[in-house]
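**Q** output the structure for:
(3 chains)
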Amino acid sequence: MKLKTLLLSALTASALFAAGPVKLLNVSYDPTRELYQDINAAFAKQWKAKTGADVQISQSHGGSGKQARSVIDGLQADVVTLALAYDIDVLAEKAKLVPQNWQSRLPNNSTPYTSTIVFLVRKGNPKHIKDWEDLVKPGIGVITPNPKTSGGARWSYLAAWGYALKKNNGDESKAQDFVKRVYKNVPVLDSGARGSTTTFVQRGIGDVLLSWENEAYLALNQLGKDKFEIVTPSISVLAEPPVSIVDKVAAKHGTTEVATAYLKFLYSEEGQEIGAKNYYRPQSPQALAKYASQFPKITLFTIDDTFGGWQKTQKKHFEDGGVFDKIYTPGI
Amino acid sequence: MPPTLEAEIAKPNLKPSSFKRQSILPGFWPSFSYTVLYLSLIVLIPLSAVFLKSATSGWAHFLQSIRSPNVMAAYRISFGASFIAGLISVIIGFLIAWVLVRYHFPGKALADALVDLPFALPTAVAGIALTSLYTENGWLGRFLVPLGIKVAFTPLGIIVALTFIGLPFVVRSVQPVLEDADLELEEAASSLGATRWQIFSRVIFPMVRPALLTGFALAFARALGEYGSVIFIAGNLPMKTEIVPLLIVTKLEQYDYSGATAIAVVMLVTSFILLLFINVLQRRSRRFTEPA
Amino acid sequence: MTKPHLKDPPLVRWTLIGLALAALGLFIVLPLAAVFVQAFERGWQVYRDNILQPETVSAIELSLLTVAITVPLNTLFGLAAAWAITKFQFTGKNVLTTLIDIPFGVSPVISGLVFVLVFGAQGWFGPWLMEHDIPIIFAVPGIILATTFVTFPFVARELIALMESQGTDEEEAAMVLGANSWQMFFRVTLPNIKWGLLYGVVLCTARALGEFGAVSVVSGHIRGQTNTLPLHVEILYNEYNYAGAFAVASLLSVLAVITLALKKFLEWKTGQEQA
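**A** The predicted structure is shown next:
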């Protein structure tokens, strides 16, 4: 056994030295494909200029919850860029892949961009969907992904819940009733935000898509300004998708340095600009000022303020047997 | 001295209920053991994992997983669409086989080769190709949708996709039977005064019927488990167009392993029964076509 | 030659031919055409770019790697199984033959599921594999295992049917005449089955290249690493990159057409031999 390990390490070491490019795996949530295409190209250029070394970043995309489970199950992610903090918390809890204090290691609670949930509707808004209240009208088809697998789905669910809470003076049971009625209008749950977009846009199912803000703009730009329009609800949730290096995996791969630089790049002015161009709300004041006009003004509430943080929220609403399981039956 | 055949045959088979008959050919035990080993490692043991997983989750949980409304709906959709697609495959497949065997026309060899395309084409390719044909702007969709016939993202789309993949099974089951058909029977019937239609329905069709049944069973079995060709065109709405394989994948994505295996067990049992049925059918038909 | 009174009247004949060809056209030709037309919609340059994308090239490499491992393994098995089953009589022969057919009847998704259950993190060997850092699921070995399962019976079935009909006479004669086992195999058996063997290998390869459902379940969907060609098609399609998806699909379609041509050729060859 010892000899085998020795040989294996010798081989790995020599392989690393004989090196080709450094390889990173970024396990991300669903709608970020275009963002990281741009980011990865820019970072590779910068890294090459700075260190002369080549870096190759591979991407994996899927519903945030699903991706987190995959990483726990052994998907070799060097960094994770997921939709919500809880999905990285479980990496610490369940598999000790990151330390408990991961979120404090990078600025803004490890959140380089923020986003929110908006509505995407058919051009002309034939069903007159203006706000959350319109989602529960009979006969409206609401498209949103599965909260059990998707991060965006959980943000949407909580945005609806938050709206109802505010409307009903914090009455939880009324909020539950409202969200239940919203989900009554949901014909299908895709596993990720991109899947829902496909269902709404390509398959022509539903009247309104509860979408990540960036995803809505992407759909609009790529698939037809003449086919869809964005409706901004009166109030929505401040979505804070965080990032982290996966310490255990990066240490094993020897990519800690590159991975850290990669994540820091997201906070650099160049990284922030790329984010803004892809319709993510940047944290940097400069970029925010420059791109302010492309982001509609919405009143945003946070998970911490309204719900007491993700740990509580996930356990109450999204675990097996939680509120979501109680209010949703598949199919209409 | 090399063994003589007579000497070998003359050897008494001392063990009355022996496992294997004596033979002078070498290599039985190595090939047999390797076969059983490989079969067990790759197929049998992994498959048993499904049944074990379900068994350990308990009977009550199993029933609960199976009985939930969207699972039952998925079974209905999968079985129903596969059945209808199988029937359509039988009709069209028989027609194609008939035309290929009985008639001559330009391009016949090409047509014959093309029949196998659904068999050779990757399912994902078939899936996106079929979908692109029947969406609103597709080559066929642009005519059908204005007529109110929606194929893409409806149960009809599922049936179309399943018919596509079932066709070769029917054609290739029926062709050999038609090719081997003894023309003397038809001659005899004709000389006894039968009309062409009577010859078809009373002589030819009964001969072909077992092959049609085999072809249907093969197409049906394949359609039940089909994934790639269907998920693009189906729409995947629970209760309406969600097929069982997709449901299994969804449950896996939610890490509901016991739910996924429960659904899989039902599918596996059905597949095994179908497989046995098909094997029996094929063995029976071979008995009739083998030389005396 | 069919006697005149046995022939169907021309009207019937040509109507049926027309209907059959229409059905073939609708169900089979049209989808194939759709792939190629949409692949080239944006022109040759875009097509070429899509094919030469690094991620596509990686997908091609992974697909080829899978075939390079799966097909020889299953071919070896096919030869061994066919030899044991067709040249000997033993109890349980039919049971063994039926067992070999099992992967044919199993849904590809379930074929992937079984390996997740055995090698996945929550599976039988999961914890042990994690400890020893051997990735199977979400990595290439898982893809190879799933593909091996799915393409398991192809060569075996082909050889069993063929060798069953050929009987044992020639081999027995060779043994009696003093050949040793390997001489008998290579000089007598192999030449007799070579076209059938090739046929099975072609079918096995085609299926291995095109497998989607099973691989989708076990793959990590890591672009450029654990995506085979069919999975890559799905990824491109879901990104609204239709030209890209159909470009890759066209590659697979060309392979399918080549498979068909090879099939026809080998069928003709076997027919010749038997004549």
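
**Q** C-alpha only now, for contacts and for neighbours.
**A** OK.

**Q** can you report how many residues lie near residue 252?
**A** No chain specified, so I'll use chain A. When neighbours are defined as other C-alpha atoms under 10 Å in any protein chain shown, A:K252 has 11 of them.

**Q** that's the wrong chain, I meant chain C
**A** 25.

**Q** do you know how far it is from C:F154?
**A** 19 Å (C-alpha to C-alpha, to the nearest Å).

**Q** got the contact list for the residue of the stretch 151-300 of chain A found nearest chain C?
**A** Closest approach between the stretch 151-300 of chain A and chain C, counting by C-alpha to the nearest C-alpha: A:T198, at 7.1 Å. Counting by C-alpha atoms under 8 Å, 6 or more residues apart in numbering or on different chains, A:T198 makes contact with C:N238.

**Q** so where does it fall, helix or strand?
**A** Per DSSP states H and E: A:T198 is located in helix A:193-201.

**Q** which residues are in contact with the very next helix or strand once past that helix?
**A** Per DSSP H and E, helix A:193-201 leads on to strand A:208-212 as the next helix or strand towards the C-terminus. Contacts with strand A:208-212, where a contact means C-alpha under 8 Å, 6+ apart, come from A:31, A:115-122, A:129, A:140-144, A:152, A:156, A:193, A:196-197, A:200.

**Q** just checking, which of those belong to strands?
**A** When the contacts of strand A:208-212 are checked against strands (DSSP state E), the matches are A:I117, A:V118, A:F119, A:L120, A:V121, A:R122, A:V142, A:I143.

**Q** next one: the closest residue to C:V114 other than its chain neighbours from A:V22, what distance?
**A** Sequence neighbours aside, B:P46 is the residue nearest to C:V114 in space, at 5.4 Å (criterion: C-alpha to C-alpha, 6 or more residues apart in numbering or on different chains). To A:V22, B:P46 is 36 Å away according to C-alpha to C-alpha.

**Q** which one's more surrounded, these two?
**A** Taking other C-alpha under 10 Å, B:P46 and A:V22 do not tie; B:P46 has more neighbours (21 against 15).

**Q** what's near enough to touch that one?
**A** Going by C-alpha under 8 Å, 6+ apart, B:P46 touches C:V114, C:F115, C:L117, C:V118.

**Q** need those residues in JSON lines (columns: pLDDT, neighbour count and secondary structure).
**A** Below are the contacts of B:P46 laid out as JSON lines (pLDDT from 0 to 100; neighbours: other C-alpha atoms under 10 Å in any protein chain shown; DSSP: H, G, I helix; E, B strand; the rest coil):
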{"residue": "C:V114", "pLDDT": "90", "neighbour count": "27", "secondary structure": "helix"}
{"residue": "C:F115", "pLDDT": "89", "neighbour count": "28", "secondary structure": "helix"}
{"residue": "C:L117", "pLDDT": "87", "neighbour count": "25", "secondary structure": "helix"}
{"residue": "C:V118", "pLDDT": "89", "neighbour count": "21", "secondary structure": "helix"}
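
**Q** what is the helix or strand harbouring B:S78 packed up against?
**A** Element membership for B:S78 (DSSP H and E) is helix B:69-102. Packing partners of helix B:69-102 (3 or more C-alpha pairs under 8 Å, 6 or more residues apart in numbering or on different chains; DSSP states H and E): helix B:155-180, helix B:205-225, helix B:244-253, helix C:10-24.

**Q** any idea which helix or strand comes after it?
**A** Assigned by DSSP H and E, the successor of helix B:69-102 is helix B:108-114.

**Q** spell out whether that following helix and chain C are in contact.
**A** Yes: Helix B:108-114 lies within reach of chain C by C-alpha under 8 Å from any C-alpha of the partner chain, at B:A111, B:A113, B:L114.

**Q** quick one: contacts for the first one?
**A** To tie it back to what came earlier, the one meant is B:A111. For B:A111, the contacting residues are C:L21, C:L24, by C-alpha under 8 Å, 6+ apart.

**Q** just give the number of residues close to C:T189.
**A** By the criterion of other C-alpha under 10 Å, C:T189 has 19 neighbours.

**Q** quick check: residues of the stretch 51-200 of chain B near chain A?
**A** B:P69, B:N70, B:F153.

**Q** a helix runs through the last one, doesn't it?
**A** In this case it means B:F153. No: counting by DSSP: H, G, I helix; E, B strand; the rest coil, B:F153 falls outside a helix, being coil.

**Q** contact partners for it?
**A** Residues in contact with B:F153 (C-alpha under 8 Å, 6+ apart) are A:R203, B:I233, B:A234, B:G235, B:N236, B:T241.

**Q** now C:E234
**A** B:A124, C:A245.

**Q** and for the residue in the stretch 151-275 of chain C positioned nearest to chain B, the neighbour number?
**A** Nearest residue of the stretch 151-275 of chain C to chain B (C-alpha to the nearest C-alpha) works out as C:G210 at 4.0 Å. As a burial measure, C:G210 scores 26 neighbours (other C-alpha under 10 Å).

**Q** how confident is the prediction for it, by pLDDT?
**A** What the model reports as pLDDT for C:G210 is 92.

**Q** okay, it and B:L63: tell me how far apart.
**A** 35 Å.

**Q** what's the answer for A:V246, then?
**A** 40 Å.

**Q** where do the strands of the stretch 51-200 of chain C begin and end?
**A** With DSSP state E, counting those that start in this stretch, there are no strands along the stretch 51-200 of chain C.

**Q** and the stretch 151-275 of chain C, which of its residues are near chain B?
**A** Counting by C-alpha under 8 Å from any C-alpha, the residues of the stretch 151-275 of chain C near chain B are C:171-172, C:175-178, C:181, C:203, C:206-207, C:209-213, C:217, C:230-231, C:233-234, C:237, C:246, C:249, C:252-253, C:256-257, C:259-261, C:264.

**Q** so how many other residues sit close to the closest residue to chain A within the stretch 51-200 of chain C?
**A** Closest to chain A within the stretch 51-200 of chain C is C:A121: 5.0 Å, counting by C-alpha to the nearest C-alpha. Neighbour count for C:A121, taken as other C-alpha under 10 Å: 22.

**Q** quick check: pLDDT value at it.
**A** 72.

**Q** check A:S14 too.
**A** Listed pLDDT for A:S14 reads 47.

**Q** picking up where we left off before, so what's the residue of the stretch 151-275 of chain C closest to chain B up against?
**A** C:G210 makes contact with B:L121, B:P122, B:T123, B:A124, C:L229, C:P230, C:L252 under the criterion C-alpha under 8 Å, 6+ apart.

**Q** which of those residues sits closest to B:W197?
**A** For these, the residue nearest B:W197 by C-alpha to C-alpha is B:L121; the value is 37.1 Å.

**Q** what is the neighbour count of the nearest residue to the closest one once chain neighbours are set aside?
**A** Nearest residue to B:L121, sequence neighbours excluded (C-alpha to C-alpha, 6+ apart): C:A256, at 5.2 Å. Residues lying near C:A256 (other C-alpha under 10 Å) number 23.

**Q** for A:V243, what are phi and psi?
**A** A:V243 adopts backbone torsions of phi -130, psi 160, taken as degrees, to the nearest 10.

**Q** the nearest residue to it once chain neighbours are set aside and A:E34: what is the separation?
**A** Spatial nearest neighbour of A:V243, chain neighbours left out: A:T81 (4.3 Å); criterion: C-alpha to C-alpha, 6+ apart. From A:T81 over to A:E34 the distance is 14 Å, taken as C-alpha to C-alpha.
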